[in-house]
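Colleague: Please find the sequence and the predicted model below.
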Amino acid sequence: MRKTAFNDVSVTLARPFVKWAGGKAQLLDTFRDYYPRALQTGRVKRYIEPFVGGGAVLFDILQSYNVKEAFVFDINEDLINAYNVVKYCVNELIEILSFLEREYLRADEEERKHMYYDIRNLYNNANKQPGLNVERAAQFIFLNHTCFNGLYRVNKAGLFNVPAGRYKNPKIYDEENLYSVSNVLKKVSIFAADYKASLNYVDKDSFVYIDPPYRPLTATARFTSYSRYDFTDDDQIELAQVFREMNKMGALLMLSNSDPKNVDLNDSFFDELYKDFHIYRVYAKRSINAKADGRASISELIVTNYKVKRGVYEI
């Protein structure tokens, strides 16, 4: 595996430092077939991700292609705080996470539970301050790696409400990876903002990957609580309009979403919404489900404004 040096620490290629619902790490091998050829030829100078989430695609692109700058956005302020803390204050963050991991690993099951809920209460009750907050980023990462199923979920009041997980020997942080992520993020501008703010940075030399909260396949499968706001069908329609605006600006665009035809062959919501573009199906296992039989491979959609030669499953 290729390695680089950062702060005199030998580090491997960066990968996501948080678990995130809908993360694309498992789809990267497939996604590379759908990236625009302009990435390989060097025409793409700017990468933009309006819903950055766990950042698997961000790290893949910035370490695989010669992109000069990147701009990422997410409405989740604590996620963005964590990104900026890793970028600017990685040593201080590692110091706190190291302490939390030691305390957690030497505790018994009951003590771990108490520790988890104590930190969750601190996290939920703290007064948010402007600027970087290293302690809050550490709490965010700790909760992410010790909560049930690695799930991030908040209620309508914006309070993190996921119960404690039960893990034998969880790795709460990876020092080598955090240094590597910090290094990659040097060329990334990171914003706590709605996805529409990304329009201000789009130009003809841009590649934009759009990964919104997926449209739920069924009412019981609904999972849109990454923030206190739901992402409804009206929001999906508004996003499609932004997609069209970016297309007019000359950017290369790739969007992913759920495929309604997994449960209803007559559901043409996205077929109609993106009928003027190229729609492809790829397959992935869903990872956020308490039941193993809910993690079977199903198709997901990729929409692009450029033709993909390897897109065997084009609609």
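Modeller: Done, it's in. Numbers count the residues shown, from 1 in each chain.
Colleague: Could you measure from the residue nearest to Phe269 when sequence neighbours are not counted over to Ile302?
Modeller: Nearest non-adjacent residue to Phe269, counting by CB to CB, 6 or more residues apart in numbering: Pro260, 5.5 Å away. C-beta: built from backbone N, CA, C; applies to glycine. Separation of Pro260 from Ile302 (CB to CB, to the nearest Å) stands at 15 Å.
Colleague: Would you check that Phe71 makes contact with Ala197?
Modeller: No: applying CB atoms under 8 Å as the test, Phe71 and Ala197 come out as separate, 9.2 Å apart.
Colleague: Specify the local secondary structure of Leu27.
Modeller: Three-state assignment for Leu27 (DSSP: H, G, I helix; E, B strand; the rest coil): helix.
Colleague: Now for the closest residue to it other than its chain neighbours: which residues touch it?
Modeller: Nearest residue to Leu27, sequence neighbours excluded (CB to CB, 6+ apart): Ala284, at 5.2 Å. Residues counted as contacts of Ala284 (CB atoms under 8 Å, 6 or more residues apart in numbering) are 26-27, 30, 297-298, 300.
Colleague: again, 7 Å this time
Modeller: Contacts of Ala284 were listed using CB atoms under 7 Å, 6 or more residues apart in numbering, and they are 26-27, 297, 300.
Colleague: part of a helix, is it?
Modeller: No: counting by three-state DSSP, Ala284 is not found in a helix; it is strand.
Colleague: Against Ser258, how distant is it?
Modeller: Distance from Ala284 to Ser258, counting by CB to CB: 10 Å.
Colleague: Give me the common contacts of those two.
Modeller: In contact with both Ala284 and Ser258: Glu300, using CB under 7 Å, 6+ apart.
Colleague: ok, how many other residues are close to Asn121?
Modeller: 12 (other CB atoms under 10 Å).
Colleague: Quick one: classify it as helix, strand or coil.
Modeller: helix.
Colleague: Kindly report the same for the one 3 residues further on.
Modeller: In the three-state summary, Asn124 is assigned as helix, counting by three-state DSSP.
Colleague: ok, and the closest non-adjacent residue to it?
Modeller: Leu159 (4.7 Å).
Colleague: Could I get the full set of helices for the stretch 101-250 of the chain?
Modeller: 109-125, 134-146, 175-184, 233-248 (DSSP state H, counting those that start in this stretch).
Colleague: okay, those helices in JSON lines with mean pLDDT and distance to Ile48 next?
Modeller: Converted to JSON lines, the helices of the stretch 101-250 of the chain look like this (pLDDT from 0 to 100; distance: least, CB to CB, whole Å):
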{"stretch": "helix 109-125", "mean pLDDT": "96", "distance to Ile48": "30"}
{"stretch": "helix 134-146", "mean pLDDT": "97", "distance to Ile48": "23"}
{"stretch": "helix 175-184", "mean pLDDT": "97", "distance to Ile48": "16"}
{"stretch": "helix 233-248", "mean pLDDT": "97", "distance to Ile48": "9"}
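Colleague: Dump these into CSV; add distance to Pro216 as well.
Modeller: Formatted as CSV, the helices of the stretch 101-250 of the chain follow (distance: least, CB to CB, whole Å):
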stretch, distance to Pro216
helix 109-125, 26
helix 134-146, 22
helix 175-184, 30
helix 233-248, 10
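Colleague: who are the neighbours in contact with the residue nearest the centre of the chain?
Modeller: Closest residue to the average C-alpha location of the chain: Gly53 at 2.0 Å, with CA atoms, centre = their mean. Contacts for Gly53 were tallied using CB under 7 Å, 6+ apart; they are 20, 22-23, 74, 211.
Colleague: Those in strands, which ones?
Modeller: Cross-referencing the contacts of Gly53 against strands under DSSP state E gives Asp74.
Colleague: Good, wrapping up.
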